[in-house]
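Undergrad: need coordinates for the following:
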Amino acid sequence: MEDIPWQSPAAPGFFSPETGIYHSKHRPAALPQDPFMDLVSHVFSSPHQGVTALVDSRSGASIAHAELRCMVRSLASGLGRVGITSKDVVLVMLPNSILFPVVFLGVLSVGAVFSTMNPLSSPEEIKKQMSLCRFTLIFTAPDNVAKLGGLGVKIVTVPEELEFDARKFVLFNDLISSDPNDAPRPVIRQTDTAAILFSSGTTGASKGVVLTHRNLIATVELFVRFESSLYGTESWRNVYLTAIPMFHVYGLSLFSMGLLSLGSTVVVMRRFGVEEAVRAIVAFKVTHFPAVPPIMTALTRAKGATGCRLQSLVQVSCGAAPVAPKAVRDFLKAFPHVDFIQGYGLTESAAVGTRGFNTINCRRHSSVGLLAPNMQAKIIDLETGSCLPPGMSGELLLHGAAIMKGYLNDDNATSSTIIEDGWLKTGDIAYFDGDGYLYILDRLKETIKYKGFQIAPADLENLLIAHPDIVDVAVTGAKNEQAGEIPVAFVVRRSGSKLSSTDVIEFVAKQVTPYKKVREVVFVNSIPRSPAGKTLRRKLRDKLAVSRM
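TA: As a prediction, the model looks like this:
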């Protein structure tokens, strides 16, 4: 494409018919070769002219870039003093906060492993993750302490405000007030585990995705820094608004790593509300707003209701879930001055995959964009396993430096997801067009995407089958205009049972994070399964679609 200035004229074609491999059209990015480079050192090693790093959208309290490294080292010093080392896994159950990146980077600084959960997680969900990770320390909000009782783990409550009453947050105050000069300097290798984030993978129950420092450094370079370089602007002048959760790989990679290395300003919303988002965009002159589909739709509706113009916005990027074409058209009509792009990545690829890039002569709003630098892909025929050329759809496979180390304590799941030569099976059906733009069509994997959050059907099925009136059950996703997808439970009742849809919904709601709640129940006589016993969820989705016609 001659109108794309960043494509090397000497670069080979993006698809090789001989190997079936798609290559990035972007110039290769240089990744650090020092085997002892860790993520935190990498983030703080990049020079920039940024002044303000993090701002609370509600109070205006802020952390300067010059302060941020000192705060991280102070926390690392405190963690070292209480005995946290590379042998430990630290859980963070926090809502968005300007202190979230400080905690994240502080944990990694001492060589410990960072793990995260939605702060609204239920006690049962916490215990399950605890059994997998064996946490030795938990950072959480005060209202979560009651849920964490009985785990036998030290708990650090973290304030919402930067200015806080030290008497109410004694342990956190002790940690963050430690002498930064006493911070430990552990030997950390790029190959060492940095984080364990949870994903539903391609099938089955939620699994721990093991990401190394090398994976996360690749995220910084191939997802965040490279995208900023495309536009030829001074990244430290950009102001980003975060409404997506930092405990999700999408938010974590942007707001706790990549953007801080660029010197950009991150305005942090503790929780999303469209009125607060509009106010923050205007008040802080926000230029970039990474979002998920429901947030994008809410902005469109706000324009219709209030006439807000959001003139400072330069770009809105959407990820984590598919966007309906009508939602894209409506958004572009409401905000014609905004550059709208989509992106694609997985927890298993440390958020790295593709990003959209529009030029005057090329606007592909319905595509998730071009492969990130250094990334490779294949499109595999679902029946024959052969590699497919542009224009033909099949399962998408990815290969590159960001691909996970594997699933925690699950060799079978790892070997079925990362196949020969390190190729990651994404479970998504996709195709590349003739210019190298990727389009996601459907999912082979069973994961339900509710407002960008992943829900593993198997997790809900395991809860439901424990109900005395449920003989058999299967959970699948149904398309929903506001949420993207909602969980629908197909339930076989015990003979003579008067179990109602409301009973089923309330039974699950008491045990899970709110976003995981079953939203609809269909009573059936039997669950369709293959001869091997695998639930045929596609048949259930087809049955649901027909019933709604």
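Undergrad: from here on, just use CA atoms for contacts and neighbour counts.
TA: OK.
Undergrad: who's in contact with the one helix or strand K425 maps to?
TA: Using DSSP states H and E, K425 sits in strand 423-432. Applying Cα atoms under 8 Å, 6 or more residues apart in numbering, the contact partners of strand 423-432 are 202, 346, 379, 389-399, 403, 417-419, 438-445.
Undergrad: which of those fall within helices?
TA: Among the contacts of strand 423-432, DSSP state H puts T417 in helices.
Undergrad: picking that back up, who does the strand holding K425 pair up with?
TA: Strand 423-432 has the following strand partners under DSSP bridges: strand 394-399 (antiparallel), strand 418-419 (antiparallel), strand 438-443 (antiparallel).
Undergrad: buried set for that strand?
TA: Under the neighbour-count criterion of 16 or more other Cα atoms under 10 Å, strand 423-432 has 423-432 buried.
Undergrad: just stretch 162-179 next, same as before
TA: Neighbour counts over stretch 162-179 (16+ other Cα under 10 Å) mark 162, 171-173, 175-176, 178-179 as buried.
Undergrad: neighbouring contacts of that stretch?
TA: Here stretch 162-179 makes contact (Cα under 8 Å, 6+ apart) with 61-62, 71, 74-79, 98-99, 156-159.
Undergrad: highest neighbour count among those residues?
TA: Using other Cα atoms under 10 Å as the neighbour criterion, A76 leads the contacts of stretch 162-179 with 33 neighbours.
Undergrad: P293 is in contact with P322, correct?
TA: Yes - between P322 and P293 there is a contact under Cα atoms under 8 Å: 7.3 Å.
Undergrad: and the end-to-end length of stretch 506-515?
TA: End-to-end distance of stretch 506-515 (Cα to Cα, to the nearest Å): 13 Å.
Undergrad: centre of the chain to stretch 79-87, how far?
TA: Distance, stretch centre to chain centre, for stretch 79-87: 27 Å (Cα atoms, centre = their mean, to the nearest Å).
Undergrad: what residues sit buried inside it?
TA: Result for stretch 79-87 [16+ other Cα under 10 Å]: buried residues 79-80, 84-86.
Undergrad: so which of these belong to helices?
TA: Among those, the members falling in helices (DSSP H) are 79-80.
Undergrad: make JSON lines out of the buried residues of stretch 79-87 and add distance to G50 and pLDDT.
TA: Listed next are these as JSON lines, based on distance: Cα to Cα, whole Å; pLDDT from 0 to 100:
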{"residue": "L79", "distance to G50": "28", "pLDDT": "97"}
{"residue": "G80", "distance to G50": "29", "pLDDT": "96"}
{"residue": "I84", "distance to G50": "31", "pLDDT": "96"}
{"residue": "T85", "distance to G50": "31", "pLDDT": "94"}
{"residue": "S86", "distance to G50": "31", "pLDDT": "92"}
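Undergrad: quick check: the farthest pair among the buried residues of stretch 79-87?
TA: For the buried residues of stretch 79-87, the farthest-apart pair by Cα to Cα is L79 and S86; their separation is 11.2 Å.
Undergrad: overlap of the contact sets of those two?
TA: Counting by Cα under 8 Å, 6+ apart, the residues touching both L79 and S86 are V110.
Undergrad: just the buried residues of stretch 162-179 now: which is nearest V512?
TA: For these, the nearest to V512 is F172 (28.1 Å; Cα to Cα).
Undergrad: in what helix or strand does that closest one lie?
TA: Following DSSP H and E, one finds F172 within helix 170-176.
Undergrad: got the domain ranges for this protein?
TA: 22-438, 448-547 (automatic domain parsing).
Undergrad: and those, which one averages the lowest pLDDT?
TA: Mean pLDDT across the domains of the chain is lowest at domain 448-547; the value there is a mean of 85.
Undergrad: quick check: end-to-end length of it?
TA: Span of domain 448-547 from end to end, Cα to Cα: 20 Å.
Undergrad: over to stretch 476-496?
TA: Terminal residues of stretch 476-496 are spaced 25 Å apart (Cα to Cα).
Undergrad: hmm, who's touching it?
TA: With contacts defined as Cα under 8 Å, 6+ apart, stretch 476-496 is touched by 293-294, 321-323, 446-452, 457, 468-475, 499, 516-527, 537, 540-541, 544.
Undergrad: so how far is that stretch off the chain centroid?
TA: On Cα atoms, centre = their mean, the centre of stretch 476-496 falls 24 Å from the chain's centre.
Undergrad: buried sites along that stretch?
TA: Buried residues in stretch 476-496 (16+ other Cα under 10 Å): 476-478, 483-493.
Undergrad: looking at those, which are in strands?
TA: When DSSP state E defines the strands, the subset of the buried residues of stretch 476-496 inside them is 476-478, 484-493.
Undergrad: relative to N358, which of these is nearest.
TA: Nearest to N358 among those is G484, at 24.6 Å by Cα to Cα.
Undergrad: what are the bridge partners for the closest one, then?
TA: Beta-bridge partners recorded for G484 (DSSP bridges): Y450, N480.
Undergrad: distance to E125 added to the buried residues of strand 423-432, as TSV?
TA: Listed next are these as TSV, based on distance: Cα to Cα, whole Å:
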residue	distance to E125
W423	30
L424	27
K425	27
T426	25
G427	25
D428	27
I429	30
A430	32
Y431	36
F432	38
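Undergrad: for the stretch 101-250 of the chain, what spans make up the strands?
TA: Secondary structure of the stretch 101-250 of the chain (DSSP state E, counting those that start in this stretch): strands at 113-116, 137-140, 154-157, 193-199, 207-212, 239-242.
Undergrad: and of the ones you listed, who's closest to G20?
TA: Checking the strands of the stretch 101-250 of the chain against G20 by Cα to Cα gives strand 207-212 as the closest, at 27.3 Å.
Undergrad: what angle separates the closest one from strand 193-199?
TA: Relative orientation of strand 207-212 versus strand 193-199 (axes from the mean of the first three to the mean of the last three Cα atoms, to 10 degrees): 150 degrees.
Undergrad: picking up where we left off before, only the buried subset of the contacts of stretch 476-496, as a PyMOL command please.
TA: The following PyMOL line selects those of the contacts of stretch 476-496 that are buried, judged by 16+ other Cα under 10 Å:
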select buried, resi 293+294+321+322+323+446+447+448+449+450+451+452+457+469+470+472+473+474+475+516+517+518+519+520+521+522+527+537+540+541+544
